[in-house]
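*Asks:* the following block contains a protein sequence and its predicted model.
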Amino acid sequence: MNEPGLERAMDTLQYLSQDSEARRLYEARQKYLHDEASMIEAAKQEGVKAGIEEVAKNMLALNLDIATIAKATGLTEQEINALMK
C-alpha cells in the first residue's frame, strides 16, 4: 500500500472493527455529516428556486409575456401564473 489515503482508511477500518463504541461514534459522526450535507444542498436548491421566482416576478413587472419568462427562467406557465397572485 503506497497510497497514504488507502492506508489511512485501512487503519481506520481495523480500529473500528475492534471497538464497538468507537464504531458507533464513527457511524453517528458519518450520519451527522451526511445529514448536514443534505440540509445544505436542500437550502441551496431552495435559494436558487426563490431567486428564479424573484427574477420571474421582476420580468412580470416589466410586462414581459409569460412564454418569454418561462423560456428565460425554466418555470412553467402555471408556476408563473401562480406568482402573479
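*Replies:* All right, it came through fine.

*Asks:* same for the lengthiest helix in the chain, what does it pack against?
*Replies:* Longest helix in the chain, counting residues (DSSP state H): helix 20-61. Helices and strands touching helix 20-61, as assessed by 3 or more CB pairs under 8 Å, 6 or more residues apart in numbering; DSSP states H and E, comprise helix 4-18, helix 66-73, helix 77-83. Where you see a C-beta, it was placed from the backbone N, CA and C, and this is true even at glycine.

*Asks:* what is the mean pLDDT for it?
*Replies:* If you average the pLDDT over helix 20-61, you get 94.

*Asks:* tell me how far it lies from the chain's centre.
*Replies:* Counting by CA atoms, centre = their mean, to the nearest Å, helix 20-61 is centred 4 Å from the centre of its parent chain.

*Asks:* please apply the same query to stretch 61-71.
*Replies:* 28 Å.

*Asks:* who touches that stretch?
*Replies:* The contact list for stretch 61-71 (CB atoms under 8 Å, 6 or more residues apart in numbering) reads 56, 59, 60, 75, 76, 77, 80, 81.

*Asks:* now the first one, nearest residue through space, not along the chain?
*Replies:* This points to residue 56. The spatially closest residue to residue 56, leaving aside those adjacent along the chain, is residue 73, at 4.9 Å (CB to CB, 6 or more residues apart in numbering).

*Asks:* likewise for the third one?
*Replies:* If you skip the residues right next to it in sequence, residue 60 has residue 84 as its closest partner in space, 6.2 Å away by CB to CB, 6+ apart.
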